[in-house]
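Participant: Pasting a predicted model and its sequence here:
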Amino acid sequence: MKYSALILLFFFCSFSLAAERPNIVFIFTDDHCQQALSAYDARRMTTPNMDRIAKQGMLFHRCYVTNAICGPSRAVIQTGKYSHLNGFVRNGNRFDGSQQTFPKLLQAGGYQTAVIGKWHLESTPQGYDYYDVLKGQGPYYNPPMLTAGPDGEPVTRQHTGYTTDIITNKALTWLKQARDANQPFMLMCQHKAPHRNWMPGPKYLNWLDDVEIAEPETLWDDYSGRTSAASLQTMSIRKDLNENDLKLKGYGTMNAEQRKVWDAAYGPKNEAFLKAMPNMTEEEVVRWKYQRYVKDYLRCVKSVDDGIGEILDYLEEAGLADNTVVIYSSDQGWYLGEHGWFDKRWMYEESLKTPLLVRWPGKVQPGSECDAIVSNLDFAETFLDIAGLDVPDDMQGRSLLPLLQGSTPEDWRTTFYYHYYENPGAHNVARHYGVTDGRYKLMHLYALGGERRNDWELFDLQQDPNELQSVYGQPEYQQIQAKMEAELARLREVYQVTADDDLGRNRS
Ligand code: CA
C-alpha cells in the first residue's frame with residue numbers, strides 16, 4: 001500500500017513537472033535585420049506575425065551578436081561561449097559536436113529536442129531527438145535535407161518547393177505528429193531566408209513592384225571618416241552585387257515549372273531595366289540595384305513572417321500557446337543599403353544588432369521593451385533557465401529570465417565584447433574586435449588580406465548614430481578613449497581571449 005502510494009506520487013510529480021515546464025519554440029532566421037521588421041522599423045515592410053510576438057511579449061532593442069556571421073553565431077547559441085572557446089570562429093569551420101551544448105543539457109533534463117531547417121555547422125547535429133536540416137547553406141528552391149534514417153545514420157532526402165515553406169511545414173508536422181505530449185519540448189525552426197541571394201517564393205515575386213523603398217541616409221557613404229578598412233570591403237551595392245543577386249540571370253535549383261513562374265514575374269521587369277539602362281546615369285543604376293536587392297530581401301522575409309503566423313496559430317489551436325515560450329531572432333543583423341552595403345560582418349550597428357522578440361504568456365508583460373545589452377551569448381543560458389535547469393559555470397552569457405520578468409539585475413553587463421575573424425575571406429572585411437557600451441564604440445581593425453594592421457576607430461553614437469566619423473585620437477575624446485581601451489582589455493581577460501585567438505586558431 002505504502003509502495004503503491006509512492007509510485008502514484010512519483011507519477012503525479014513527473015506528470016506535473018512535465019505539465020509545468022514550459023515548451024520552447026525558437027524561430028531563427030539568417031541575416032534578418034531590425035530594419036526589415038516592423039516592430040522595430042516600419043519604413044520598409046510590415047511583418048504582422050513577428051509583430052504579434054512583440055505585441056504579446058518583449059522586444060529587445062540591443063541584442064548584440066558576438067561575431068556577425070552565420071556559422072559562428074549558431075555555434076555561440078549552441079554553447080553559450082564566444083567563438084574562440086567553442087572553436088567555430090569562421091564559416092568553413094566544423095563544429096565540434098562532442099562539446100557541451102544546451103540541447104544536450106535540455107535533453108538530459110527531460111526535454112524533447114528538435115532542430116529543423118538551417119544548421120550550417122558542418123557536423124551532424126548532436127543533442128537532438130529529431131533533426132532535419134539543410135545541407136550546408138541550402139538553396140531557396142527544392143532543398144536536399146539531412147535527417148536520421150531508420151538505422152540512425154544520416155540520410156539525404158530531396159524536397160520539392162520553396163525552402164521557407166518547407167521548413168515551416170516540417171516544424172508544424174513535428175509539432176503535430178512527432179511531439180511527445182508527456183514531455184516538454186524545445187523546437188528550433190531555423191530558416192535559410194533572407195540570406196543572399198534573396199530568391200522570393202512564388203507568392204511574392206511581384207509584391208512591392210509598385211512601391212519605392214526608402215533609401216538609407218548612408219547609401220552614398222564615401223568612407224572618408226574612418227580607417228581605410230571600410231573602403232576596402234567588397235560588399236557594396238554599387239560594385240559587388242552580381243547578375244544572380246540582381247535576378248538578371250540564373251535560376252538556382254528551380255525546376256522547369258518554377259522557372260516559368262519566375263520568368264513571368266522577372267522577365268518583363270528585367271526587360272524594362274535593360275532597355276532603359278544605356279540611358280541611365282551610374283547613380284540611377286545604383287538606385288535601381290538598391291530597389292531590386294532590397295525588395296527581394298523583403299519578399300524573402302515576408303514568407304518567413306507568414307510561416308511564423310502559421311506556427312503561432314497552431315500553438316493556439318493546440319492549446320500550447322500559454323505554456324510555450326516563443327522566441328524570434330536572427331543570427332546577426334544586416335546592411336539594407338546602409339554605408340552602401342549588403343552583407344554583415346562589421347561591428348557597426350546594423351550587423352552588430354539582431355532582432356530579439358520573446359513571448360511568454362503570464363510571465364512576460366505584453367508590449368514590453370528592454371534596452372539592456374543582451375546577446376546571442378545569452379540564449380543557451382536562458383533556455384536552460386526557462387527549463388529550470390542549472391546553467392554551467394563555463395558558459396559565458398547570462399540568463400535573460402530576470403529581464404523577461406521586467407527587472408534588470410544591478411550587475412547586468414553594461415559593455416559588450418565583439419570579435420570578427422573571417423579575413424582573408426568573402427567580402428574582404430578586416431579582422432576586428434571591439435567594445436561598446438551603447439553610447440561609445442571602440443574598434444581595433446588588426447588584420448586585412450593577411451597583413452597585420454593597427455587601425456582604431458572610436459564612435460560617439462549619440463553625436464554620430466550612423467558611425468560616419470571616427471573620433472579616435474581626438475583630444476576631446478581622450479578620456480573616453482582611455483576608458484574604452486581599458487574596458488576592452490578587461491573584457492578580453494574576462495572572456496579569456498589571447499593574442500593567438502586573434503589569429504583565429506582553433507584551440508582544439
Ligand atoms: Ca547569417
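Facilitator: Cool, the structure landed.
Participant: hang on, isn't residue 149 packed against residue 155?
Facilitator: Yes. The criterion here is Cβ atoms under 8 Å, and residue 149 meets it with residue 155 at 3.8 Å. Just so you know, the C-beta spots here come from the backbone N, C-alpha and C atoms, and that holds for glycine as well.
Participant: Count the residues that sit near the residue in the chain that the ion sits nearest to.
Facilitator: Proximity to the ion, evaluated over the chain using Cβ to the ion, is greatest for residue 70 at 3.5 Å. Number of residues near residue 70 (other Cβ atoms under 10 Å) recorded here: 21.
Participant: you'd agree it is up against residue 32?
Facilitator: No. Contact criterion Cβ under 8 Å: residue 70 and residue 32 do not qualify, at 11.8 Å.
Participant: contacting residues for the closest residue in space to residue 291 that isn't next to it in sequence?
Facilitator: Residue nearest to residue 291 in three dimensions, not counting chain neighbours: residue 213, with 6.0 Å by Cβ to Cβ, 6 or more residues apart in numbering. Counting by Cβ atoms under 8 Å, 6 or more residues apart in numbering, residue 213 makes contact with 44, 290-291, 294-295, 298.
Participant: Residue 213 and residue 259, how far apart?
Facilitator: Look at residue 213 and residue 259: by Cβ to Cβ, to the nearest Å, they are 26 Å apart.
Participant: ok, which residues in this structure are in contact with the ion?
Facilitator: Within reach of the ion by Cβ under 5 Å from the ion, the chain has these residues: 30-31, 70, 331.
Participant: For these, which PyMOL command selects only the ones that are buried?
Facilitator: Listed next is the PyMOL selection for buried residues among these, using 16 or more other Cβ atoms under 10 Å:
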select buried, resi 30+31+70+331
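Participant: Now, the residues of the chain next to the ion that are in helices?
Facilitator: If you go by DSSP state H, the residues of the chain next to the ion have residue 70 in helices.
Participant: Could you pull out the helices in the stretch 351-500 of the chain for me?
Facilitator: 379-386, 401-404, 478-494, 499-502 (DSSP state H, counting those that start in this stretch).
Participant: average pLDDT for the helix or strand that contains residue 264?
Facilitator: Element membership for residue 264 (DSSP states H and E) is helix 256-276. The average pLDDT within helix 256-276 is 98.
Participant: Tell me what angle the very next helix or strand once past it forms with helix 256-276.
Facilitator: Using DSSP H and E, the helix or strand that directly follows helix 256-276 along the chain is helix 282-317. Angle, helix 282-317 to helix 256-276, by axes from the mean of the first three to the mean of the last three Cα atoms, to 10 degrees: 150 degrees.
Participant: Pull the distance from helix 282-317 to the chain's centre.
Facilitator: 15 Å (Cα atoms, centre = their mean, to the nearest Å).
Participant: And stretch 26-42, by the same measure?
Facilitator: Worked out by Cα atoms, centre = their mean, stretch 26-42 lies 9 Å from the chain centre.
Participant: end-to-end on that stretch?
Facilitator: Stretch 26-42 has an end-to-end distance of 23 Å (Cα to Cα, to the nearest Å).
Participant: buried sites along that stretch?
Facilitator: 26-40.
Participant: ok, now stretch 490-503?
Facilitator: Buried-residue list, stretch 490-503, by 16+ other Cβ under 10 Å: 491-492, 495, 497, 501-502.
Participant: same question, stretch 295-311
Facilitator: 295-309, 311.
Participant: One more: stretch 275-291?
Facilitator: The neighbour-count check on stretch 275-291 (16+ other Cβ under 10 Å) flags 286-287, 289-291 as buried.
Participant: was I right about residue 295 contacting residue 208?
Facilitator: Yes. Counting by Cβ under 8 Å, residue 295 does reach residue 208; the two are 4.7 Å apart.
Participant: sorry, back to before: would you mind giving the buried residues of stretch 275-291 as a markdown table with pLDDT added?
Facilitator: Conversion of the buried residues of stretch 275-291 to a markdown table gives the following (pLDDT from 0 to 100):
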| residue | pLDDT |
| --- | --- |
| 286 | 98 |
| 287 | 98 |
| 289 | 98 |
| 290 | 98 |
| 291 | 98 |
